[in-house]
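Asks: Build me a model:
(one chain, ligands or ions: 1)
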Amino acid sequence: MPSDTIKTVGVLGAGTMGNGIAHVFARAGYKVILRDVENRFLDRGMETIGKNLDREVKKGRITEADKPAILTRIDATTDTSKLAAADFVVEAVPEQLDLKVRVLKEADAVLRPGAILASNTSSISITQLAAQTSRPERFIGMHFMNPVPVMALVEVIRGLATSDDTFDTTMSLCETLEKKPVAVNDAPGFVSNRVLMPMINEAAFCVMEGVATPEAVDAVMKTGMNHPMGPLELADFIGLDVSVDILDVLFKGFGDSKYRACPLLRKYVAAGWLGRKSGRGFYKYS
Ligand SMILES: NC(=O)c1ccc[n+]([C@@H]2O[C@H](COP(=O)([O-])OP(=O)(O)OC[C@H]3O[C@@H](n4cnc5c(N)ncnc54)[C@H](O)[C@@H]3O)[C@@H](O)[C@H]2O)c1
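Replies: Now for the predicted structure:
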């Protein structure tokens, strides 16, 4: 059931996370304005949503008739002015500070004063992003996990100025999406990446130092610690470039050498071995 106060949701960026976020809002009954810079990115995002909805029909999560109804709730557009109709906006453009600030300022200028702006950033300070807008008290972090239609967690991050009302609204909104929100405060890497990335980094050091092969490292963590994926499989899934970027944010944010990125990760990134998306990382993908 959609929320009482929020009916229309804007999503900025139709990439990996943006199309998943649009999917879960539309599935829950919200009208969605999905904005990207070019029609080809919107087409690709809508195609992914269609395929993921087909998968949900097969699994019995939704019915055949739900699919067209969900798709018609999404207005895919390159027009920022359409965001004026949104009650809540989630930004999911690439993890670059300058780009995020520009996109958030554009949305801030169009949105009505009471609307809430959320960022799906993995690592950039929510307090810093909020300060670039006219609504720091109505700004919050909403960190969905990939793949969004499948993963239950949303890490909800309060910036320094985030109001109680914005926080409560965002937590309830997550519940209407059938997600599990977990509240954390703003700090480098929040909780998810602060805990996950050092594990991935240590796994890479084990391979670099010849302690074990990637297969052996992953087998230890899957079989011994009950992790569904080994840390190196997971790093390939996330992207080794993304992992290095997040480690750099942790290293810079805390000034602590325990977060320095493993040189083997940097070497793979320099070679273009970015993980699944490039066909090779710790493993090869066909
Ligand atoms: N990929 C993940 O596993 C993951 C997980 C959690 C959080 N995140 C975060 O989500 C955000 C998006 O990541 P992603 O993996 O979806 O990236 P992506 O590159 O797949 O998608 C980004 C999309 O934003 C679009 N875009 C660029 N400039 C834009 C603009 N001015 N206005 C609107 N759209 C614009 C791009 O065309 C692209 O379609 C990042 O902040 C990332 O850190 C990613």
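
Asks: What helices and strands are in contact with whatever helix or strand Leu234 lives in?
Replies: Using DSSP states H and E, Leu234 falls within helix 231-238. Applying 3 or more Cβ pairs under 8 Å, 6 or more residues apart in numbering; DSSP states H and E, we find helix 231-238 packed against helix 192-208, helix 214-219. C-beta coordinates here come from the backbone N, C-alpha and C atoms, glycine included.

Asks: List the buried residues in the first one.
Replies: Buried residues in helix 192-208, counting neighbours by 16 or more other Cβ atoms under 10 Å, are found at Ser192, Asn193, Arg194, Leu196, Met197, Pro198, Ile200, Asn201, Ala203, Ala204, Cys206, Val207.

Asks: same question, the shortest one
Replies: When neighbours are counted by 16+ other Cβ under 10 Å, the buried residues of helix 214-219 are found to be Pro214, Val217, Asp218.

Asks: Tell me which residue in the chain sits closest to the ligand.
Replies: Here the chain gets closest to the ligand at one residue, Gly15, 1.8 Å apart by Cβ to the nearest ligand atom.

Asks: From Lys277, how far off is that residue?
Replies: According to Cβ to Cβ, to the nearest Å, Gly15 stands 11 Å off from Lys277.

Asks: Can you name the residues of the stretch 151-286 of the chain sitting close to the ligand?
Replies: Within reach of the ligand by Cβ under 6 Å from any ligand atom, the stretch 151-286 of the chain has these residues: Ile238.

Asks: and with 8 Å instead?
Replies: Residues of the stretch 151-286 of the chain found near the ligand (Cβ under 8 Å from any ligand atom) are Phe237, Ile238, Gly239, Val242.

Asks: In the residues you listed, which residue is surrounded by the most others?
Replies: Counting neighbours by other Cβ atoms under 10 Å, the top entry in these is Ile238, with 22 neighbours.

Asks: What sits closest to it if chain neighbours are left out?
Replies: Distance criterion Cβ to Cβ, 6 or more residues apart in numbering; nearest residue to Ile238, sequence neighbours excluded, is Gly275 at 7.0 Å.
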